[in-house]
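Asks: Turn this into a structure:
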Amino acid sequence: MQTLDLGNREEGKIWHRKPSPSTQQGVIINIIHSTTGYHSKTIRFLNVAFDTSGDSLLAGDHQGNVYAFELAANKFNLVQRTAQACTALAFNLRRKTEFLVALADYSIKCFDTDTKELVSWMRGHESSVSSISVHGSGRYAITSSADTAQLWDLDTFQRKRKLNIRQSVAIQKVFFLPLSNTIISCFKDNTVFAWEFDTLSCKYQLPSPIEGSALRYKVFAVTRDGRVLAAGGKSNHLHLWCLDSKQLLRIIQMPTKVRSVRHLEFLPDSFDGGSNQVLGVLSQDNILRFINIQTCKLLFEVGTHEEGISMATLSPNGRYIAAVMENGSLSIYSIQALTQEINKPPPPLFKVIEESSRSRFDTDKLTVRVAPGISAKPWKSKASKLQTKVLRPQRDVSHEDKENELPDGLNKKRLQALLKGFGEYPTKYRMFVWRSLLHLPENHLAFSSLLDKGTHSAFVHLQNEYPIKSRKLLRVLQRTLSALAHWSTIFGELPYVPLLAFPFVKLFQNNQLICFEVVATVIVNWCQHWFEFFPNPPINVLSMVENILAQHDKELLQHLMNYNITSQVYAWPLLETMFSEVLTREEWLKMFDNIFSNHPSYFLMVVAAYIICSRAPLLHCNQKEDFEYFFHHRNNLDISVVIKEAYHLMDCTPADIHPRRMLDDFVPLTKGQYPIFNKYPKFIVDYQSQERERIRQDEIEYLRERQLVHEVEAKAIERRVEDETWYRKQELLRKAEEQRRKILIQEEEKLAEQRRRLAAVKRERRFLKYQQDQREMELKRLDDEITRKASMRDQETAATIRDVEVQQMELQSQRRLFEQKLIKEQEAVTQEVKGELDTSRRKADLEEHLLQRLIETDQGREHTLVEECLAKADQEHLDTGWRAQVLRMQRCDDMDREGRYQEIAALLRDNRATEAELRDAMKAEEAQKWEDVLEEREHLAAEQAVTAALDANRKQFLEREMKDAENRIFTSKCMCYNCHLFFQVSLDRGRQELETRERELMAEVRQLRQRLMSQAQARQAPSPVDAQGSS
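Replies: Residues are numbered from 1 along each chain as shown. Predicted structure coming up:
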């Protein structure tokens, strides 16, 4: 066992000599990762994953280093350092160089192994990702954690769907079924659901396990065909479910030392068609056991108690096991070495012939003891059990009957009878029947030695000549052809070997060993004498076909000869392609069922039968291109008719031209080593090989020289490009320097402008601050002024209130004085009126006395009347002077009073401005009162006029009466009397005007007094709202 220590290396070889794993352990190499330094330690590997080919794998360790190991190329390299422990890996994406890694921070990253760059970073999980399942197309992936599962599109790296669950039911695993669009989700409550990938609709749910079963599913595995699901958990029982019928197939009980199952995985096998039969079970004792789920037998074990396995994975091609050991190392096992004892052919049968007591040669009874091989590991050998069978010997055993006996208990005659009855073998058992008919030896070691020689130089550029879409099919074809060329040199020189081998490679591409042996068996038996005329087609074989055609259809042969159509046109294309160009898959399989079941000459009969059955369309062809097209493309022909015609030709062809005479019987390949194949002109092949090798060397030399020329040209171009780049860089540097200088000048200008702006802003800010300070000072001054004016206004208001109160007191004193004066004046007027009334009464009495005297007196009394008139005139003169004096005194008093009133009005002029509205209302009322006064004056004037008229009439009447008696005396008397009336009217008019003016002044004084008192009361008594506000 070889050991590889990665150390600090990032790349290198995996092994330095070709590994030869032992049969017992099967370990190819053990890989460790240790660090050297002050504290030396071993870094543990955590996860491992294979790619789709199975020849490369990824391994992630505890520190986040991801290594890629290419087992076929014998090299490793460090592809990524994630700096976090990886929890899951996937390396089977559609782009072969990309891989997915789940990290400890719950994220998933995609890296490229070639460029070692991060392709994408996917987030969305809230707990550790336990598994990554990739769809068969490599375009989608499902990542599972305990609380959720998420579906990702690996083309866009976007999340398509997310599966959320209840906290009480956690997820065990969610994965794709192989080769299908079905998603399986398994939960901790043992429920298993199947979902359709396209619509995410539930297809079915597996029924609950058997009641009473304590098995809780934790690990799962599915066969490659997606038909069987294996489930295990904390028990030594395994449940096998059939996903087609949704039923529990069987329960497998592991040995008693197995208490729980940690991992399950089916072992891939190329012979079972995807229905894997071997299941790997990793238990709690760290031993990986492989069992057959059909026979329930333990086949072999990997790992021991001392060197336990913590996790393991199997390569898709079934060649390797990658196991992470308990000590943190990574071990690669060879499945071929582990299964070598199991796949060994059974030992030869030892037949013991016993003589009876009667005769030594008595063959009545023949006892055969068989000791079959045991499918167990050699170090765990078990006691062999001998099976004894008593066989009835046949009386006449011919050589032909021995040839009809096939391996695995089959009989060739019975198979031929079955074939004639049904026309073909059952599809399910066809490969098994072919292997028995061809006696395939299955030489694993010999085939491995051929493969180990690598790709033959003749098939290195096979893809250029045969561009096959499937890379897997191209790789298998290249390996098979290389193995044939290494087996015999001529197969590297034949141009039609790829055409001959391609249908078998396509049929057996999953098992390269069977594919190679089938092709080799076909070449050895059904291609006899093909290579004797190398490099020309087999003229002898084509002549046999032409002889058969001449014997059974001369007309058709003549038609072909008429148009110069030789057997190289109508027979050789069918032979070199093995009918793969003219038949469908089902027709080809049906035809080779009959070919493999008959003598090798039957193959040539089939060629002749195909041509004869196609005579109708061939007779209508008259161009060589039409014939060539006919034998290189599919035609509307019933293969059953061709097979029946071939059997007819096999029976009816004369012996002298029958191919059986020229071809040997079927000879299988030898076991252990393949037979030597040298049935070809060796000198021609050697010469061509030498020429090919020489041409190859010349081509290599030419390619080397051309490579050198290309390198020189590339270097010259590179130098020219570098020079141009240098000049361009210098030009760019110069332009950049100029641009930098311009930018620097612009920046300096901008900086200067910014400085100017900054200085202007600072000045403006200082000016604004100064203005703000000024405004604050002005506001403060205004506040002080307002406060001062408010205090002054309060003082002025208080002084005005005091002045108004003083004025009110003065007005009250003046009012009292004025009222006293008015009372006195009223008394004086009353006395005057009383005097006037007394005077009027005396005048009336005088007039009555005069009238009486006028009536009683006579002419002798003229002197007395004159005297009386003189006395009355004197009295009237005295009264008039007194009244005139009274009027003058009243006018003086009025003028004094008017002066006082003007002084009062001047004192109250300031208050009248604040009482404009009230004054207007008072003026309106005063105008109304003046109108009333005028009306009263007019009425008084009218009454006085009437009184004066009455007095005048009465005086005229007195004058007329006294006219005759005393003309002269009466005339003077009348004059005196008229003067008296004039003075009386004048005094009455002046008195009325004085009274009216006194009333007006008194009303104004009274109104002003009331206004002043109301204003004083309003200022002294605050309003209720102010009172409430102050309170």
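Asks: hey, where'd the helices end up in the stretch 51-200 of the chain?
Replies: Counting by DSSP state H, counting those that start in this stretch, one finds no helices in the stretch 51-200 of the chain.
Asks: Show the low-confidence segments of it, by residue range.
Replies: Residue ranges of the stretch 51-200 of the chain with pLDDT under 70: 166-168.
Asks: and F502, which of the three is it?
Replies: Under the three-state scheme (DSSP: H, G, I helix; E, B strand; the rest coil), F502 adopts helix.
Asks: do the same with the one 3 residues further on
Replies: Classification of V505 into helix, strand or coil gives helix, according to three-state DSSP.
Asks: and it, how many residues sit next to it?
Replies: Around V505 there are 23 other residues, counting by other C-beta atoms under 10 Å. Heads up, the C-betas are built off the backbone N, CA and C, glycines and all.
Asks: Wasn't H849 part of a helix?
Replies: Yes: the assignment for H849 is a helix, going by three-state DSSP.
Asks: quick one: it and K843, what's the gap?
Replies: 10 Å (C-beta to C-beta, to the nearest Å).
Asks: more crowded one of those two?
Replies: It is K843, of H849 and K843, that has more neighbours when counted by other C-beta under 10 Å, with 18 against 12.
Asks: helix or strand for the more buried one, which one?
Replies: helix 682-856 (DSSP states H and E).
Asks: do V606 as well
Replies: Counting by DSSP H and E, V606 is found in helix 601-613.
Asks: model confidence over that helix, on average?
Replies: Average pLDDT, helix 601-613: 92.
Asks: Give me the residues contacting it.
Replies: The list of residues contacting helix 601-613 from outside it, by C-beta atoms under 8 Å, 6 or more residues apart in numbering, reads 526, 541, 544-545, 548-549, 552-553, 556, 570-571, 574-575, 579, 582, 591, 594-595, 618, 637-638, 641-643, 645-650, 653, 658-660, 662-663.
Asks: Which residues are in contact with the nearest residue to E442 once chain neighbours are set aside?
Replies: Among residues not flanking E442 along the chain, L513 sits closest, at 6.3 Å (C-beta to C-beta, 6 or more residues apart in numbering). Contact partners of L513, counting by C-beta under 8 Å, 6+ apart, are E442, N443, H444, F447.
Asks: what about the first one, distance to S448?
Replies: Read it as E442. From E442 over to S448 (counting by C-beta to C-beta), the distance is 12 Å.
Asks: In terms of neighbours, single out the busier of those two.
Replies: E442 (16 against 12).
Asks: Pretty sure the more buried one sits against C515.
Replies: No: counting by C-beta atoms under 8 Å, E442 sits too far from C515 to count as a contact (11.8 Å).
Asks: Highest neighbour count among the contacts of L513?
Replies: Counting by other C-beta under 10 Å, top hit in the contacts of L513: F447 with 22 neighbours.
Asks: Could you report the pLDDT at the closest residue to N190 other than its chain neighbours?
Replies: Spatial nearest neighbour of N190, excluding adjacent residues (C-beta to C-beta, 6+ apart): Y217 at 5.4 Å. Per-residue pLDDT puts Y217 at 86.
Asks: And for E341?
Replies: E341 is given a pLDDT of 73.
Asks: helix/strand/coil for it?
Replies: Looking at E341 with three-state DSSP, the answer is coil.
Asks: May I have the phi/psi pair for it?
Replies: Main-chain torsions, E341, degrees, to the nearest 10: phi -70, psi -30.
Asks: and it, how many neighbours?
Replies: By other C-beta under 10 Å, the residues close to E341 number 18.
Asks: Relative to N511, how far out is it?
Replies: Counting by C-beta to C-beta - E341 and N511 are separated by 20 Å.
Asks: same deal with A550?
Replies: Counting by C-beta to C-beta, the gap from A550 to N511 is 42 Å.
Asks: which one of the two has more residues nearby?
Replies: With neighbours defined as other C-beta under 10 Å, A550 and N511 compare such that N511 has more, 19 against 15.
Asks: Just the buried ones among the contacts of helix 601-613, please.
Replies: 526, 541, 544-545, 548-549, 552-553, 556, 570-571, 574-575, 579, 582, 591, 594-595, 618, 642-643, 645-647, 649-650, 653, 658-660, 663 (16 or more other C-beta atoms under 10 Å).
Asks: Just the residues you listed: which are in helices?
Replies: 526, 541, 544-545, 548-549, 552, 556, 570, 574-575, 591, 594-595, 618, 642-643, 645-647, 649-650 (DSSP state H).
Asks: Please name the nearest non-neighbouring residue to H135.
Replies: Once flanking residues are discounted, H135 sits nearest to F176: 5.1 Å by C-beta to C-beta, 6+ apart.
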